[in-house]
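A.B. asks: make a model of this:
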Amino acid sequence: MAIDILGLLWPKNSSLFNPNKNITKDARYHEYANELTLLSDFVATLKQQGLEQAFSVVKFVDLRRSHLTFPGKNKAHVVRDLENRDHVFKGFDFNAFLDHGPDFHAHQRDTMLHEICALAAMPPHHNIMPCPQILVVVDDEAGRERICGFLQPVMRMGTLDDQVIKANKTGQRIPLAQQARWCHGMAAGLLHTHRHGGTYHMDVKPGNTLIDDDDEIRLIDWEQSGVSMFTHSKEVTIDQTAEETGEPDANGRRRIIYNPHEDQTRVNLPWGYPKWNVFPEWHEKCPRAAELAEVFSLGRVMWMLFEQLEQNPDPTVWTERSQDIPSSWIDMSIECQQVDPNDRPELDEVVDFWKREEEKYSFSETDSSTSTNRG
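C.D. replies: Got it, this is the predicted structure:
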């Protein structure tokens with residue numbers, strides 16, 4: 001099993017504080033509240049989109065928080081509710097409002113709501129964090145509830161990146177059976193996203209892959225507001241169209257050609273990278289281009305996992321750190337990271353590969369355990 005990261009960082013008896021208790025007395029509180037979306041309006045918008053998502057609601061002032069804050073611009077952090085249950089809060093709190101200007105306020109509010117909508121529309125899958133069931137609200141001057149965030153379950157094993165960091169500190173190698181399970185889970189979650197969820201992720205990285213209590217991967221962070229600086233492919237950094245052309249090859253694949261936009265000054269990600277997000281257009285007009293870009297990211301995550309490296313933007317270099325990794329696994333990572341997307345494996349090929357490897361190594365692990373018990 002994976003290491004309980006949260007238990008090491010924040011035991012149940014750790015100190016808590018409530019910075020939210022007196023925020024309504026702040027001179028700028030109502031200015032903050034008025035920039036948030038009314039809960040009733042948001043629920044009505046979901047219904048108009050055919051999404052009958054049920055939510056419970058908790059007041060922001062009733063949450064106590066720990067000092068444990070996760071990386072990222074949204075500053076997600078662990079909180080405890082009035083019933084002494086732990087959650088991860090993600091959203092746009094009052095401190096973020098005070099720390100940034102109006103443009104960033106709109107960005108944080110809108111990406112928060114976008115993530116909820118994206119997950120509400122996503123058919124359930126065990127490798128994807130489900131839609132939040134608890135929304136966090138503040139009251140405006142008229143007593144109306146406005147959404148400032150949401151709560152998600154605490155995954156005590158942390159992220160893939162956390163597991164690598166902890167294993168390195170203890171001088172351990174992550175077991176092959178575990179690595180195969182995690183690679184299969186990442187790929188399966190992405191395949192479901194593209195083929196059944198009708199969308200994309202675009203920010204796949206070790207820090208966005210949680211590990212649940214069953215040692216399974218859960219893809220998180222569905223804001224779709226920028227690519228990862230650690231795992232993105234080159235083609236997604238260019239404002240360009242993608243289309244399939246020519247006759248299918250022996251495997252039924254047509255070649256994808258990319259045509260850069262002549263005037264590369266378009267912006268649809270003012271707070272993200274790159275400034276022009278190609279994924280919406282590719283997903284609609286050339287879905288394979290969007291999928292193959294995510295395959296590249298998977299290959300990068302595999303490399304970091306096999307080499308047991310913290311997430312980083314460094315070029316892929318193979319060393320003796322991964323000498324215990326099967327050569328076929330390294331080959332798969334290399335193939336996923338081919339510069340030409342046409343040379344990468346399809347997403348379903350990646351899933352099939354890791355499904356076989358997970359089965360092979362889980363059986364090997366069982367056989368080894370049985371032999372040890374018999375001995």
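A.B. asks: I'd like to know how far residue 127 sits from residue 241.
C.D. replies: Residue 127 sits 30 Å away from residue 241 when distances are taken as C-beta to C-beta, to the nearest Å. Bear in mind the C-beta positions are built from the backbone N, C-alpha and C, glycine included.
A.B. asks: the two: who's more crowded?
C.D. replies: residue 127 (21 against 15; other C-beta atoms under 10 Å).
A.B. asks: what's the separation between the more buried one and residue 96?
C.D. replies: In terms of C-beta to C-beta, residue 127 sits 30 Å off from residue 96.
A.B. asks: again, but for residue 297
C.D. replies: 27 Å.
A.B. asks: neighbour count: those two, which is higher?
C.D. replies: residue 297 (26 against 19).
A.B. asks: please report phi then psi for that one.
C.D. replies: Main-chain torsions, residue 297, degrees, to the nearest 10: phi -60, psi -40.
A.B. asks: so it touches residue 231, yeah?
C.D. replies: Yes: counting by C-beta atoms under 8 Å, residue 297 sits close enough to residue 231 to count as a contact (4.0 Å).
A.B. asks: now for these two: what residues contact both?
C.D. replies: Listed as contacting both residue 297 and residue 231 by C-beta atoms under 8 Å, 6 or more residues apart in numbering are 204-205.
A.B. asks: could you point out which element follows the lengthiest strand in the chain?
C.D. replies: In the chain, ranked by residue count with DSSP state E as the criterion, the top strand is strand 145-152. Per DSSP states H and E, the first helix or strand lying C-terminal to strand 145-152 is helix 160-170.
A.B. asks: got a list of contacts for that following helix?
C.D. replies: For helix 160-170, the surrounding residues in contact (C-beta under 8 Å, 6+ apart) are 2-3, 5, 8, 157-158, 173-174, 182, 205-207, 209, 211, 217, 301, 304-305, 308-311.
A.B. asks: make a PyMOL selection of the buried ones in these.
C.D. replies: In PyMOL, a selection of the buried entries from those looks like this (16 or more other C-beta atoms under 10 Å):
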select buried, resi 2+3+5+157+158+174+182+205+206+207+209+211+217+301+304+305+308+309+311
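A.B. asks: in strands, which of the contacts of helix 160-170 appear?
C.D. replies: Members of the contacts of helix 160-170 lying in strands (criterion: DSSP E): 209, 211, 217.
A.B. asks: with respect to residue 29, which of those is nearest?
C.D. replies: Among the ones in strands among the contacts of helix 160-170, residue 209 lies closest to residue 29 (C-beta to C-beta), at 36.3 Å.
A.B. asks: does that closest one really touch residue 218, like I thought?
C.D. replies: Yes: using C-beta under 8 Å, residue 209 is in contact with residue 218, at 7.3 Å.
A.B. asks: overlap in contacts of those two?
C.D. replies: Counting by C-beta under 8 Å, 6+ apart, residue 209 and residue 218 have no contacts in common.
A.B. asks: turn the ones in strands among the contacts of helix 160-170 into JSON lines, columns for distance to residue 109.
C.D. replies: What follows is the ones in strands among the contacts of helix 160-170, written out as JSON lines (distance: C-beta to C-beta, whole Å):
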{"residue": "209", "distance to residue 109": "26"}
{"residue": "211", "distance to residue 109": "29"}
{"residue": "217", "distance to residue 109": "29"}
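A.B. asks: no further questions, thank you.
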